[in-house]
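*Asks:* Predicted model and sequence below, questions to follow.
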Amino acid sequence: MRSKLLEVEHVTMRFGGLFAVNDLSFSAANRSITAIIGPNGAGKTTLFNCITGFYKPQIGRLTLHHDDGPVLLERLDDYDIAKKARVGRTFQNIRLFARMSVLENLIVAQHNTLMRASALSLAGLLGLARYGKAEKLAVDKARYWLNKVDLLDHADADAGSLPYGSQRRLEIARAMCTDPLLLCLDEPAAGLNPRESLELNTLLTGIRDEHGIGLLLIEHDMSVVMGISDWVVVLDYGRKIAEGTPVEIRNDPAVIRAYLGEADDEDEDR
């Protein structure tokens, strides 16, 4: 049994009279890929927004388990969730700095570390060794992740000039440059062709296995979900209707009804 990394307990998020997330509870294990699936409008992205601090749930608790103790995410500001709780995220829509180089996008992701080393820019302006060392480490880390996502040869190109699939991989590399304990990926396979989806599977399982972090994944591409997930949570209208292994979810009648619909009695009699 892997240890719990994230615990979601009775989380509720309502917009007016609409429950986007309704009394949701589940846990995601460390060193595992947990997929959140469900029809459009099921509350998946709203859940991610609660975990990463864009929204504060009206009810419930979100606990990230660090080695030095639990962190209650709902009590932190969004920037502290990234910096102190070490939760990384990518988005449905690509949010790269298009006019910056590929390498610069990954350096910018490490700005918190570089700002500490620069003593709020003073050490950088004076050319002190501590900042020079931190800057070299940041470049080395960026190059490591560019190699991982097969973009090292494009380090000096503008990020916006990359093909769509390469931009998707660059976003994941940028998130990993923040050294997350939990990486939240919002539809990383959206718009990818079958070959790129297979490459994504290899990248994400490699991150799980080689870097020992937890991944939380929203995805509609079932070849990705069923191919790499250790655990799957299914939402419908903001509520959890099932959770289990990919095999269990694939054969769950409630999941089949939510995705495919179910004929009514009159249709069945015809």
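*Replies:* Looks like it arrived, so ask away. Numbering: from 1, shown residues only.
*Asks:* ok, residue 227 - contacts?
*Replies:* The contact partners of residue 227, by C-beta atoms under 8 Å, 6 or more residues apart in numbering, come to residue 201. For every residue, glycine as well, the C-beta is placed using N, CA and C.
*Asks:* Give me the phi and psi for it.
*Replies:* Phi and psi for residue 227, reported as degrees, to the nearest 10, are phi -80, psi -30.
*Asks:* Same check on the one 4 residues further on?
*Replies:* Backbone torsions of residue 231, given as degrees, to the nearest 10, read phi -150, psi 140.
*Asks:* Least confident secondary structure element in the chain?
*Replies:* Within the chain, confidence by mean pLDDT, DSSP states H and E is lowest for helix 265-269 among all helices and strands, at a mean of 41.
*Asks:* Pull the contacting residues for residue 101.
*Replies:* The neighbours of residue 101, taking C-beta under 8 Å, 6+ apart as the test, are 155-159.
*Asks:* In which helix or strand does residue 88 reside?
*Replies:* strand 87-90 (DSSP states H and E).
*Asks:* would you list every one of the helices in this protein?
*Replies:* Applying DSSP state H to the chain gives helices spanning 44-51, 78-83, 102-108, 111-117, 122-126, 129-148, 164-176, 194-211, 222-228, 246-250, 253-260, 265-269.
*Asks:* Pick the most deeply packed of the ones you listed.
*Replies:* Mean neighbour count, computed with mean count of other C-beta atoms under 10 Å, is highest for helix 44-51 among the helices of the chain, reaching a mean of 23.
*Asks:* Packing partners of that helix?
*Replies:* When contacts are defined as 3 or more C-beta pairs under 8 Å, 6 or more residues apart in numbering; DSSP states H and E, helix 44-51 sits against strand 4-15, strand 18-29, strand 33-37, strand 182-186, strand 214-218.
*Asks:* relative to strand 4-15, how tilted is it?
*Replies:* 110 degrees (axes from the mean of the first three to the mean of the last three C-alpha atoms, to 10 degrees).
*Asks:* Pull helix 44-51 out as CSV, backbone CA atoms only.
*Replies:* C-alpha atoms of helix 44-51 as CSV (Å, rounded to 0.1, in the frame of the first residue of the first chain):
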residue,chain,number,x,y,z
LYS,A,44,-13.3,18.1,-12.7
THR,A,45,-11.6,21.4,-13.4
THR,A,46,-13.5,23.0,-10.5
LEU,A,47,-11.9,20.4,-8.2
PHE,A,48,-8.4,21.2,-9.6
ASN,A,49,-9.1,24.9,-9.0
CYS,A,50,-9.9,24.1,-5.4
ILE,A,51,-6.8,22.1,-4.9
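*Asks:* Show me the contact partners of that helix.
*Replies:* Taking C-beta under 8 Å, 6+ apart as the rule, helix 44-51 contacts 6, 8, 11, 13, 20-21, 24, 36-38, 55-57, 62, 73-74, 81, 87, 89, 92, 184, 186, 216, 218, 235, 238.
*Asks:* average model confidence for it?
*Replies:* For helix 44-51, the mean per-residue pLDDT is 96.
*Asks:* relative orientation of that helix and strand 18-29 in degrees?
*Replies:* 70 degrees.
*Asks:* circling back: may I ask which of the contacts of residue 101 has the most neighbours?
*Replies:* Sorting the contacts of residue 101 by how many neighbours each has (other C-beta atoms under 10 Å) puts residue 159 first, at 24 neighbours.
*Asks:* got the contact list for the most centrally placed residue in the chain?
*Replies:* In the chain, the residue lying closest to the centroid (C-alpha atoms, centre = their mean) is residue 184, at 1.4 Å. By C-beta under 8 Å, 6+ apart, residue 184 lies in contact with 48, 51-52, 87-90, 215-216.
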